[in-house]
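K.L.:
give me the fold of what follows.
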Amino acid sequence: MFEIKGYTKEYYIGYKLVAKEILETTTREKFGYGGREIETLKEDIKYKKQIIKKGTEVYTEVSPICGRLIGSQKEKFQILANSRNKF
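P.N.:
A predicted model of the protein is given here:
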């Protein structure tokens, strides 16, 4: 449906976002909150002015970075028409 340009991997301690990085590929099948995993950092991560030390347990969440809509012009209009809420 959408062209995938890459993935973002976000690191959380508790519910606070502490770092993120861009990935080319991923091995995860579930994305977003439902695909959260607990990892122990194998190396220090620097994000903005903050350094997270290795050995810290963090939750990681991977999400796709979507690009343009794939398909013919007719298919694109059909997808957009079906995505709107009907009141």
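K.L.:
who's in contact with residue 22?
P.N.:
The neighbours of residue 22, taking CB atoms under 8 Å, 6 or more residues apart in numbering as the test, are 6, 7, 8, 9, 65. For the C-beta atoms, the positions are set from N, CA and C on the backbone; glycine is no exception.
K.L.:
go on, residue 37?
P.N.:
28, 59, 60.
K.L.:
if we go to 6 Å?
P.N.:
residue 60 (CB atoms under 6 Å, 6 or more residues apart in numbering).
K.L.:
contacting residues for the residue most central in space within the chain?
P.N.:
Nearest to the geometric centre of the chain sits residue 63, at 1.7 Å (CA atoms, centre = their mean). Residues near residue 63 by CB under 6 Å, 6+ apart: 8, 31, 32.
K.L.:
before we move on, back to that, give me the buried entries from the contacts of residue 22.
P.N.:
Neighbour counting by 16 or more other CB atoms under 10 Å classes 7, 9 among those as buried.
K.L.:
how many neighbours does residue 58 have?
P.N.:
19 (other CB atoms under 10 Å).
K.L.:
just residue 52 next, same as before
P.N.:
Look at residue 52: counted by other CB under 10 Å, it has 17 neighbours.
K.L.:
how about the contacts made by it?
P.N.:
18, 19, 45.
K.L.:
my guess is the last one meets residue 19, correct?
P.N.:
Right, the one you point to is residue 45. Yes. Using CB atoms under 6 Å, residue 45 is in contact with residue 19, at 5.0 Å.
K.L.:
just how off-centre is stretch 45-58 within its chain?
P.N.:
Stretch 45-58 sits 18 Å away from the centroid of its parent chain (CA atoms, centre = their mean, to the nearest Å).
K.L.:
alright, I will stop here.
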